[in-house]
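S.K.: the following comprises the amino acid sequence and a computationally predicted model.
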Amino acid sequence: MSPLENAAKTAEGVVVNGFVVSPVVEQCSGCDRVREFDGQEFCSSYPIPARKWAGGRCNFATHVKAQTAAAAKVNPLKASKRAAKGR
């Protein structure tokens, strides 16, 4: 984890490039985008990480793998016809 660049602590909180950023939530642990500043961890891609996780999975998360859909169902009748044609 590299520290946040251009970060400053103000009365509002931690400000990075004009945006007030919130600390990461529990679901963010293990993500490559988490950066440390002043003993706390912040997301380097989004200022309010809790809002990204509210709808399900964060699209910036590098530690969560997308689930693939099950293999397509094969109609046995069509498969036998294709095999008979020599495809």
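M.R.: Cool, got the structure.

S.K.: identify each buried residue in stretch 5-25, please.
M.R.: For stretch 5-25, the neighbour count (16 or more other CB atoms under 10 Å) marks 14-16, 21-25 as buried. For the C-beta atoms, the positions are set from N, CA and C on the backbone; glycine is no exception.

S.K.: mind listing the helices for the protein?
M.R.: Along the chain, counting by DSSP state H, helices occupy 49-54, 76-85.

S.K.: tell me the pLDDT at S2?
M.R.: For S2, the pLDDT comes out at 60.

S.K.: in this structure, which helix or strand is least confident?
M.R.: For the chain, the helix or strand with the lowest mean confidence is strand 7-9, at a mean of 82 (criterion: mean pLDDT, DSSP states H and E).

S.K.: centre of the chain to stretch 45-59, how far?
M.R.: Put simply, stretch 45-59 sits 8 Å off its chain's centre (CA atoms, centre = their mean, to the nearest Å).

S.K.: using PDB, list the CA coordinates for that stretch.
M.R.: Output of stretch 45-59 as PDB, limited to C-alpha atoms (Å, rounded to 0.1, in the frame of the first residue of the first chain):
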ATOM      1  CA  SER A  45     -10.700   5.400  -6.800                       C
ATOM      2  CA  TYR A  46     -13.900   6.500  -5.100                       C
ATOM      3  CA  PRO A  47     -14.400   9.000  -2.200                       C
ATOM      4  CA  ILE A  48     -17.300   7.200  -0.500                       C
ATOM      5  CA  PRO A  49     -16.600   3.400  -0.600                       C
ATOM      6  CA  ALA A  50     -19.700   2.500   1.500                       C
ATOM      7  CA  ARG A  51     -22.000   3.900  -1.300                       C
ATOM      8  CA  LYS A  52     -20.300   1.600  -3.900                       C
ATOM      9  CA  TRP A  53     -21.000  -1.500  -1.800                       C
ATOM     10  CA  ALA A  54     -24.600  -0.500  -1.100                       C
ATOM     11  CA  GLY A  55     -25.900  -1.900  -4.400                       C
ATOM     12  CA  GLY A  56     -24.100  -5.200  -4.200                       C
ATOM     13  CA  ARG A  57     -20.500  -5.500  -5.400                       C
ATOM     14  CA  CYS A  58     -18.200  -2.500  -5.900                       C
ATOM     15  CA  ASN A  59     -17.200  -2.300  -9.600                       C
END
